[in-house]
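Asker: pasting a predicted model and its sequence here:
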Amino acid sequence: MTSYQTYLVGGAVRDELLGLQVIDRDWVVTGATPEQLEQQGYQQVGKQFPVFLHPQSKEEYALARKEKKQGVGYTGFICDFSPDISLEEDLERRDLTINAIAQSENGELIDPFNGQQDLNDRILRHVSQAFTEDPLRVLRAARFAARFHDFGFTVAPDTLKLMRTISQSGELKTLSAERVWKETEKALCTSHSGQYFSVLEEAGALESIFSELVWCEQSYTTLLSQGDLTPQQRWAITCHRTPVLELQALQQSLRVPNQFKLLAEQVSQFMHQCSTQMTAQQWESWIMSVSAVKKPQPYERLIQVLSALTQTEPQDWLALRQQAASVSPANLIKQGFSGAELGQALKEARVQALSKMDSAFIVPQSDES
């Protein structure tokens, strides 16, 4: 016989109430000690927090806990997970009311903070004043605003006020780059990632976290809501007004993964240093700089972004690549070219091929004296 109780909590309960597919299930255990769970075959995976994996399902089971703020940032907490902590006390430490609903093993909903009402009213509301103790919650609230934008969710005015308080406190700067990027990448996986940045701006957090970013909500909202974009493409669109040097500094400070970095910098470079009205020689230099001939798939992802930003047709960009790729090194090698001379001959042949294109992109090259 076991005296402890288990409850399904958080996102699984919320998503089921919204009619969404439940992917991850998290559980809270009350009335238990770590030793009791280990005796039942649970495997502890968290050292700082008492989190265990179920012996069969491998789902996460966490002992009910309370937290007391002692230091700065999101790590400055003392954690109490004694067996007498109630489910309600555990739920009270959570960020938003819609994430503070639990379900017992017999299906009963435990909702001490009226999360179901906020789900019905489409409101993102903080559970308690303890919301201000963890600066990461500013980003989480913004991410949920993006994720549930299609449902019509908005941030409650009082919660937005607390988010501004956190922003003004300076504690956002204590967040690690990894935690910031993790929330940002999750937001970029939604078709309304623009809401994430807009809410952060409204909360006064954008300047603290993304100080180099040149953000303009009116320019981005429609573009970012296109359903066929990848998270990398959404990040590139978000950053397209940010000059390359500032973007490089931003991406370094956030430790942005390479698959995001390169595309964003290529888009920024084109938008700031190039034009859709270039000479054949300029197009050839750009096509080779983005490895369009050698790497057609990354190029297609790049031109999907650039065609949207410049209001041009993707097939025109593909035609540029095809024309440049039509130049065969083998033919030039047969003519006796090699080494540096072969490289120069290839470049001139590509320029000549591009100049013959019937494309609005190509402008005639001025005669050189």
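Answerer: Yes, it's here.
Asker: can you pull the contacts of the closest residue to Q5 other than its chain neighbours?
Answerer: Of all residues not flanking Q5 in the chain, T30 sits nearest, at 5.0 Å (CB to CB, 6 or more residues apart in numbering). C-beta coordinates here come from the backbone N, C-alpha and C atoms, glycine included. T30 makes contact with 4-5, 7, 64, 83, 85-87, 90, according to CB atoms under 8 Å, 6 or more residues apart in numbering.
Asker: those in helices, which ones?
Answerer: 87, 90 (DSSP state H).
Asker: report the buried members of the contacts of T30.
Answerer: Buried members of the contacts of T30, counted by 16 or more other CB atoms under 10 Å: 4, 7, 64, 85, 87, 90.
Asker: now pLDDT too, for those residues, in TSV please.
Answerer: As requested, the buried ones among the contacts of T30 are arranged in TSV below (pLDDT from 0 to 100):
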residue	pLDDT
Y4	87
Y7	96
A64	90
I85	92
L87	94
D90	93
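Asker: same list, the contacts of T30, but as JSON lines with distance to P135 please.
Answerer: Formatted as JSON lines, these follow (distance: CB to CB, whole Å):
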{"residue": "Y4", "distance to P135": "33"}
{"residue": "Q5", "distance to P135": "32"}
{"residue": "Y7", "distance to P135": "28"}
{"residue": "A64", "distance to P135": "24"}
{"residue": "P83", "distance to P135": "30"}
{"residue": "I85", "distance to P135": "24"}
{"residue": "S86", "distance to P135": "27"}
{"residue": "L87", "distance to P135": "26"}
{"residue": "D90", "distance to P135": "21"}
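Asker: now the two most distant members of the contacts of T30.
Answerer: Spatial extent of those (CB to CB) is set by the pair Y7 and P83 at 14.7 Å.
Asker: how long is stretch 345-363 end to end?
Answerer: 22 Å (CA to CA, to the nearest Å).
Asker: run the chain-centre distance for it.
Answerer: 38 Å (CA atoms, centre = their mean, to the nearest Å).
Asker: and what of stretch 202-210?
Answerer: For stretch 202-210 - counting by CA atoms, centre = their mean - the centre lies 16 Å from the chain centre.
Asker: please apply the same query to stretch 250-261.
Answerer: 11 Å.
Asker: and that stretch, which residues are buried?
Answerer: Buried-residue list, stretch 250-261, by 16+ other CB under 10 Å: 250-251, 254, 256, 260-261.
Asker: out of those, who's nearest A324?
Answerer: K261 (24.7 Å).
Asker: buried ones in stretch 147-163?
Answerer: Buried residues in stretch 147-163 (16+ other CB under 10 Å): 147-149, 153-156, 159-160, 162-163.
Asker: where does pLDDT dip in the stretch 151-300 of the chain?
Answerer: Applying pLDDT under 70 to the stretch 151-300 of the chain flags residues 219.
Asker: rerun at 90
Answerer: For the stretch 151-300 of the chain, applying pLDDT under 90 flags the ranges 191, 215-228, 276-277.
Asker: what about the strands in it?
Answerer: Under the criterion DSSP state E, counting those that start in this stretch, strands of the stretch 151-300 of the chain are mapped to 154-155, 278-279.
Asker: what packs against the first one?
Answerer: Read that as strand 154-155. strand 123-124, helix 136-147 (3 or more CB pairs under 8 Å, 6 or more residues apart in numbering; DSSP states H and E).
Asker: partner strands of it, with direction?
Answerer: Strand 154-155 has its sheet partners listed here by DSSP bridges as strand 123-124 (parallel).
Asker: tell me the mean pLDDT over the strand it pairs with?
Answerer: The average pLDDT within strand 123-124 is 98.
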